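A.B. asks: Give me a 3D structure for the following:
(2 chains)
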Amino acid sequence: EAQVTQNPRYLITVTGKKLTVTCSQNMNHEYMSWYRQDPGLGLRQIYYSMNVEVTDKGDVPEGYKVSRKEKRNFPLILESPSPNQTSLYFCASSFSVGWPQHFGDGTRLSIL
Amino acid sequence: DAKTTQPPSMDCAEGRAANLPCNHSTISGNEYVYWYRQIHSQGPQYIIHGLKNNETNEMASLIITEDRKSSTLILPHATLRDTAVYYCIVRVAGRGTDKLIFGTGTRLQVFP
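C.D. replies: Residues are numbered from 1 along each chain as shown, chains lettered A, B, ... in the order given. Here you go, the predicted model:
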């Protein structure tokens, strides 16, 4: 089944403890992206990747890192999480630029 | 980047057509109109997209005005499972960038 898989689905952690949210897609998609969703603000793009080893900042990249060493994986790294990064996070992928994006089921992060 | 304006909420009777409007008066010539929906806090689901012609697929129809400043998503026979938040999105896709700019969407409630 074609899908975008995020792990973990839920995480409660403390300020400053590094964490990684993994994202994997099995559709051989070139384009991948991370969004966060907060009440009243809709979804905002954090980072995106046009292809392997090609990443760029979205609208809210501060406090986040990403890497794209393999086509299927696009992990989101929070080096020193803070409470304002408490949010619902979505990973998305598409065949290429301009194609519809497929979203994962989301990761709900709580930073205490 | 073009922004979109949608009514915050709408109701629709089951079996009737749901017509969801969207204004995007600052849209540029190379920007597509995309529609996604989100059921509860699941990942957004792609519905349909268009540039200037009307489009139809198995889920919905998209009507774009001639001046491209507004559009309407039509769900021809709404069901209870269509209850969701619907996002009208202007997509900027080109060299070096591809992002979906999500607003706050329209919460569609389908009632029996």
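
A.B. asks: any low-confidence regions in the chain?
C.D. replies: Because you didn't say which chain, this covers chain A. Judged against pLDDT under 70, chain A has no low-scoring part.

A.B. asks: To clarify, I was referring to chain B.
C.D. replies: Residues of chain B that meet the cut-off, pLDDT under 70, sit at B:1-2, B:93-98.

A.B. asks: Quick check: the residue of it nearest chain A.
C.D. replies: B:Gly43 (3.2 Å; C-beta to the nearest C-beta). Heads up, the C-betas are built off the backbone N, CA and C, glycines and all.

A.B. asks: Name the nearest residue to that residue, ignoring sequence neighbours.
C.D. replies: Among residues not flanking B:Gly43 along the chain, A:Phe103 sits closest, at 3.2 Å (C-beta to C-beta, 6 or more residues apart in numbering or on different chains).

A.B. asks: which residues pair with the one you found across the strands?
C.D. replies: The partner list for A:Phe103 in beta bridges (DSSP bridges) reads A:Ala92.

A.B. asks: my guess is it contacts A:Gln6, does it?
C.D. replies: No: assessed by C-beta atoms under 8 Å, A:Phe103 is found out of contact with A:Gln6, at 9.3 Å.

A.B. asks: list the contacts for the closest residue to chain B within chain A?
C.D. replies: The nearest approach of chain A to chain B comes at A:Phe103, 3.2 Å away (C-beta to the nearest C-beta). A:Phe103 is in contact with A:Val4, A:Phe90, A:Cys91, A:Ala92, B:Gly43, B:Pro44, B:Gln45, counting by C-beta atoms under 8 Å, 6 or more residues apart in numbering or on different chains.

A.B. asks: Let's see the PyMOL selection covering just the buried ones among these.
C.D. replies: Buried subset of the contacts of A:Phe103, written as a PyMOL selection, criterion 16 or more other C-beta atoms under 10 Å in any protein chain shown:
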select buried, (chain A and resi 4+90+91+92) or (chain B and resi 43+44)
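
A.B. asks: farthest pair in the contacts of A:Phe103?
C.D. replies: Using C-beta to C-beta, those span at most 14.4 Å, a distance reached by A:Cys91 and B:Gln45.

A.B. asks: So what pairs up with A:Thr20 in the strands?
C.D. replies: Applying DSSP bridges, one finds that A:Thr20 bridges with A:Ile77.

A.B. asks: what about it, neighbour count?
C.D. replies: Using other C-beta atoms under 10 Å in any protein chain shown, A:Thr20 has 13 neighbouring residues.

A.B. asks: and what of B:Thr56?
C.D. replies: 13.

A.B. asks: Now do the contacts for it.
C.D. replies: B:Thr56 touches B:Ile48, B:Leu62, counting by C-beta under 8 Å, 6+ apart.
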